[in-house]
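**Q** with the input below, show me the fold.
(chains A and B)
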Amino acid sequence: MTFLTGWGRTAPTPARLARPRSAEEVAELVRRAPGRGVAVRGLGRSYGDAAQNSGGLVLDCTALTSWSLDETTGLVTAAGGLSLHDLMGALVPLGWFVPVTPGTRYVTVGGAVAADVHGKNHHADSSFGAHLRSLTLVTADGVGRTLTPGDELFWATVGGMGLTGVITEAVFQCLPIETSRVRVDVTRTRDLDHTLETMEATDHRYRYTVAWIDLLATGARMGRSVLTRGEHATRDELPRGADPLAFAPGSLLKAPAWAPNGLLNQVTVRAFNEAWYRRSRPGTGLIQKLAPFFHPLDSVDGWNRVYGSHGFVQYQFLVPFGEEATLRRIVSRLSALGVVSFLTVLKRFGPGTPGMLSFPAPGWTLALDIPAGRRGLAGLLREFDGWVAGAGGRIYLAKDSRMSAETMAAMYPRLAEWRKVRDEVDPAGVFRSDLARRLSL
Amino acid sequence: MKNALGAVDTVLLLGGRSEIGLAIVERLVRDGARRVVLAARDATAGPPPVIGAAEVHLLDFDASRPETHGEVIEAAAKLVGDLDVVIPAFGVLGSQRTYDADPVAAAEAVAVNYGGHVSAGLFAARRLREQGHGTLVVLSSVAGVRVRRANFVYGSAKAGLDGFAQGLGDALHGSGARVMVVRPGFVIGRMTEGMSPAPMSSTPGQVADAVIVGLRVDAEVVWVPGRLRVFFAVMRMLPRAVWRRMPR
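**A** Sure, this is the predicted structure:
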């Protein structure tokens, strides 16, 4: 038995861990599933309990890493356990980029599909599922099936958190790039309204945009942000002599193996926020490498340990356009309480995919990290759950580690439809995770 | 299953009318538990009590019939799924004077207060081990920490139970399942009606509050009130000749 947690390092549970080396081995393990069921795990970047299965079997899929690129069309066929880190390392020098990348490269292709991940280009390009051509799924009967966007099961699997089967392969369209750099414009905004207005007015001019909010700023400066917007740089924008497609990201720093609980407190985070806000000098046309632009936290290996042994929760919610009042209400509540959140990120979403349990939809999403040991946090987040659900919004399952089954059902109106498809393909409930138990999926 | 912030989803209370037990259940429901099973003698004869917004199930349970305990625990798991918290809260106090007069009654009380908890505890532990998570809350007492002549029948059963619970907790170590031993002092409630409270006494609500905190931090032992831990560290050292003179 191995104790597993998500990225937030909360609520560990034991499971038998198996590491299949091929799709056939996956099928064999699924056919011999134990009574407590099977959960699927990639690189463990879901913050909560999505890739845990207390007392059962967990398939670590990170040995499934084969892939190929059709250089004329940019179609990539990748095994479910391949990390976007490895894929980018190979694709970028060839002049291709993944269609969507979340804030870390350390996710697997299977995980990207199962969470229907989004990135800074959501307003322009939607989420990962929108770029998929087909999937191979090993279902509860131990059979590998190829699915296309015409299939119901395809859209139950995109965003389905690994509960319809094991994604052993995905085919998706990549994006041609001339260089491995991004041309970046940085702006600072005065307050929350200014942030929202600026994003609304200028998002369409950029493929990638995101705002970092200083949640500890209060009063007239509440919601002040650093807005980062970018475009893949073209060859003629690079300094002469630069290798246009050089790409060698790595971890520069390693987080200490242990950190005291409470290291991230109001004083340290306020100091960090102030420094970050001041350091982010406004400017246009700055040329940046891909890694610091897309994955700044990947440069610190194991940064999740900084939160100490209690771990942390990430609260990421979405409110539809027109419900900005709810967003404002939550931000002002958080700043009034002085809730410590390191790197709070705001993003404007475009159209979602037909994924039945996919998170993104047109609206605003805010993501914050909070140390799990904070007193009164459970009640505060429950209160926010109510506001978010009331506004027709929802919480991202890949980040969630604490909401209730009722809350989830209220936020995901297509849950019944998803259940029907899942029950047909997995009537005995072979695929199970701690998240599935907690949310009565 | 416990979520990231320590809230649980399901609770099984064995001895479903226990004041302390119900006080714990109410607090767990307040903090997010959604499904409750109350198991007690003739429980299914009446309607289920309302506990917050939780779904409450009733099961018949007889603490003095260990051969039925396994079925009750399996039935509870069938009703609500994984058991996150199991609280065996049944027991009888009885007076030492009655036990002196009626040794058979004393043996029967011990059979429930100790033997009943052994079978219920072992059946519950089997289920929790399979799940890979869950906490068995064992209601011990300071009466068992050092047995007093004033209530040595009750005290000796609690002493046995306390030792059993510690051993079971160690046996479960590494399985994901846990045992939490709760050691209250004198609890002012229905069970002790008519008795004058001892120093450092508490109410069922206070015991329940301490249990909630203990569950959140995965405590192995909880004293209620907390200062009893220090007090009993001293009491354990008292020479027998002094201890025997304890008025109660």
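
**Q** strands of chain B, start to end?
**A** B:10-14, B:35-40, B:55-60, B:85-88, B:134-139, B:177-184, B:221-224 (DSSP state E).

**Q** need those strands in a markdown table (columns: distance to chain A).
**A** Every residue, glycine included, has its C-beta placed from N, CA and C. Formatted as a markdown table, the entries for the strands of chain B read as follows, by distance: least, CB to the nearest CB, whole Å:
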| stretch | distance to chain A |
| --- | --- |
| strand B:10-14 | 10 |
| strand B:35-40 | 10 |
| strand B:55-60 | 11 |
| strand B:85-88 | 14 |
| strand B:134-139 | 9 |
| strand B:177-184 | 9 |
| strand B:221-224 | 19 |
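
**Q** output these as TSV; include the columns mean pLDDT and mean neighbour count.
**A** As requested, the strands of chain B are arranged in TSV below (pLDDT from 0 to 100; neighbours: other CB atoms under 10 Å in any protein chain shown):
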stretch	mean pLDDT	mean neighbour count
strand B:10-14	98	28
strand B:35-40	98	26
strand B:55-60	98	18
strand B:85-88	98	27
strand B:134-139	98	26
strand B:177-184	98	24
strand B:221-224	98	22
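
**Q** redo those strands as a markdown table? Include distance to residue A:138.
**A** Converted to a markdown table, the strands of chain B look like this (distance: least, CB to CB, whole Å):
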| stretch | distance to residue A:138 |
| --- | --- |
| strand B:10-14 | 31 |
| strand B:35-40 | 32 |
| strand B:55-60 | 35 |
| strand B:85-88 | 36 |
| strand B:134-139 | 31 |
| strand B:177-184 | 31 |
| strand B:221-224 | 46 |
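
**Q** for chain B, which residue is closest to the average position?
**A** residue B:139 (2.6 Å; CA atoms, centre = their mean).

**Q** with adjacent residues omitted, what lies nearest to that one?
**A** Counting by CB to CB, 6 or more residues apart in numbering or on different chains, the nearest residue to residue B:139 once its immediate chain neighbours are dropped is residue B:182, at 5.2 Å.

**Q** ok, now which ones touch the one you found?
**A** With contacts defined as CB atoms under 8 Å, 6 or more residues apart in numbering or on different chains, the neighbours of residue B:182 are B:137-140, B:207, B:210-211, B:214, B:221-222, B:224.

**Q** mind naming the longest helix for chain B?
**A** Among the segments of chain B that qualify as a helix by DSSP state H, the longest is helix B:152-172.

**Q** what average pLDDT does that one get?
**A** Taken as a whole, helix B:152-172 has a mean pLDDT of 97.

**Q** quick one: is it near chain A?
**A** No: under the criterion of CB under 8 Å from any CB of the partner chain, helix B:152-172 makes no contact with chain A; the nearest approach is 11.3 Å.

**Q** got the contact list for that helix?
**A** Residues outside helix B:152-172 that contact it (CB under 8 Å, 6+ apart) are B:93-94, B:96, B:99, B:106, B:109-110, B:113-114, B:117-118, B:121-122, B:125, B:128-129, B:136, B:138, B:140-141, B:143-145, B:147-148, B:178-181, B:183, B:220.

**Q** quick one, that helix and strand B:134-139 angle?
**A** Taking axes from the mean of the first three to the mean of the last three CA atoms, to 10 degrees, one finds helix B:152-172 and strand B:134-139 inclined to each other by 160 degrees.

**Q** what sits closest to the residue of the stretch 301-441 of chain A found nearest chain B if chain neighbours are left out?
**A** Shortest the stretch 301-441 of chain A-to-chain B distance, computed as CB to the nearest CB: residue-wise this is residue A:401, at 3.5 Å. Taking CB to CB, 6+ apart as the measure, residue A:401 lies nearest to residue A:48, with 2.8 Å between them; neighbours along the chain are not counted.

**Q** before we move on, back to that, since we're on the residue of the stretch 301-441 of chain A closest to chain B, how many residues are nearby?
**A** 29 (other CB atoms under 10 Å in any protein chain shown).

**Q** isn't it up against residue A:5?
**A** No: in this structure, residue A:401 is not within contact of residue A:5 by CB atoms under 8 Å, at 9.2 Å.

**Q** where do the contact lists of these two overlap?
**A** In contact with both residue A:401 and residue A:5: A:11, A:49, using CB under 8 Å, 6+ apart.

**Q** bridging residues for the residue nearest to residue B:139?
**A** Following DSSP bridges, residue B:182 is listed with bridge partners residue B:139, residue B:222.

**Q** please report how far it lies from residue B:32.
**A** 21 Å (CB to CB, to the nearest Å).

**Q** and if you look at residue B:146?
**A** For residue B:146, the distance to residue B:32 equals 38 Å [CB to CB].

**Q** and what of residue A:144?
**A** To residue B:32, residue A:144 is 39 Å away according to CB to CB.

**Q** between the two, which one's more packed in?
**A** Neighbour comparison, residue A:144 and residue B:32: the larger count goes to residue B:32, with 20 against 17 (by other CB under 10 Å).

**Q** who's in contact with the nearest residue to the more buried one once chain neighbours are set aside?
**A** Here the nearest residue to residue B:32 in space, its sequence neighbours aside, is residue B:7; by CB to CB, 6+ apart that works out to 3.7 Å. With contacts taken as CB under 8 Å, 6+ apart, residue B:7 has the following neighbours: A:378, A:402, B:31-33.

**Q** can you show me the helices along the chain?
**A** Went with chain A since none was named. Taking DSSP H as the criterion, chain A carries its helices at A:23-31, A:84-91, A:109-114, A:122-125, A:152-157, A:192-202, A:266-279, A:290-294, A:324-337, A:377-390, A:405-411, A:415-425, A:434-438.

**Q** chain B is the one I meant
**A** B:19-30, B:69-80, B:96-101, B:103-110, B:117-131, B:152-172, B:204-216, B:228-235, B:240-243.

**Q** let me have those helices in JSON lines, extended by mean neighbour count.
**A** As requested, those are arranged in JSON lines below (neighbours: other CB atoms under 10 Å in any protein chain shown):
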{"stretch": "helix B:19-30", "mean neighbour count": "22"}
{"stretch": "helix B:69-80", "mean neighbour count": "18"}
{"stretch": "helix B:96-101", "mean neighbour count": "13"}
{"stretch": "helix B:103-110", "mean neighbour count": "15"}
{"stretch": "helix B:117-131", "mean neighbour count": "22"}
{"stretch": "helix B:152-172", "mean neighbour count": "19"}
{"stretch": "helix B:204-216", "mean neighbour count": "20"}
{"stretch": "helix B:228-235", "mean neighbour count": "14"}
{"stretch": "helix B:240-243", "mean neighbour count": "10"}
